[in-house]
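>>> A predicted structure for the sequence below; I have some questions about it.
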Amino acid sequence: MAFTLRPDVDLTTALPSIVQSQEDRHALALMLERALDRKNFHAAAALVLTIGENHAAHVATNAACNGNIFLLDAYLSIPGIDGNTPNIHGITILMAAGANRDFGMPSEEIQFAMVSQLVTVHKVNKLATDGHGKTAYDHATPRERSHRERVVKLLRAES
């Protein structure tokens, strides 16, 4: 998808007529990531309205998986964004941030900082469930692997 917009074009009215396919939504998700990197929240908000909050949340869950705390914070700074909205796979930002995976995990310090910020600052719902009924706590404590205790303590429902 290749197009440019003049500065006088209102993104909220222009983009819905451009977006026609799944590929367009993925391209716009990449544009959202770039807009957030540049702290262009007006453009980011317009992109979220265009691609839908679930596709926009996909950008945020990817940021959480990669330990990009700055992009995650920028996403949550967009007016009207709900940090509890699941991505297109039903995973919330908190589930992605606290997940215990085989590979590609951020350092324990970064993971703890992301989870802490989501729980204490952004007040995301620790009890939200994915399509399999798993909470962020469940994603952080798989039976077959050891887990990061500080992250797990933050995700316990009673705390």
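Okay, I see it.
>>> only C-alpha atoms from now on, for both contacts and neighbour counts.
Noted.
>>> helix/strand/coil for Tyr75?
helix (DSSP: H, G, I helix; E, B strand; the rest coil).
>>> what's near enough to touch it?
Residues in contact with Tyr75 (CA atoms under 8 Å, 6 or more residues apart in numbering) are 36, 60, 81.
>>> from these, which is closest to His139?
Nearest to His139, judged by CA to CA, of these is Ala60 at 16.7 Å.
>>> any idea how many residues pack against the closest one?
By the criterion of other CA atoms under 10 Å, Ala60 has 31 neighbours.
>>> quick check, it in contact with Leu71.
Yes - using CA atoms under 8 Å, Ala60 is in contact with Leu71, at 7.4 Å.
>>> give me the subset of the contacts of Tyr75 lying in helices.
36, 60 (DSSP state H).
>>> I'd like the contacts of Tyr75 as CSV, with pLDDT and distance to His122 appended.
Formatted as CSV, the contacts of Tyr75 follow (pLDDT from 0 to 100; distance: CA to CA, whole Å):
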residue, pLDDT, distance to His122
Leu36, 78, 17
Ala60, 84, 14
Ile81, 84, 11
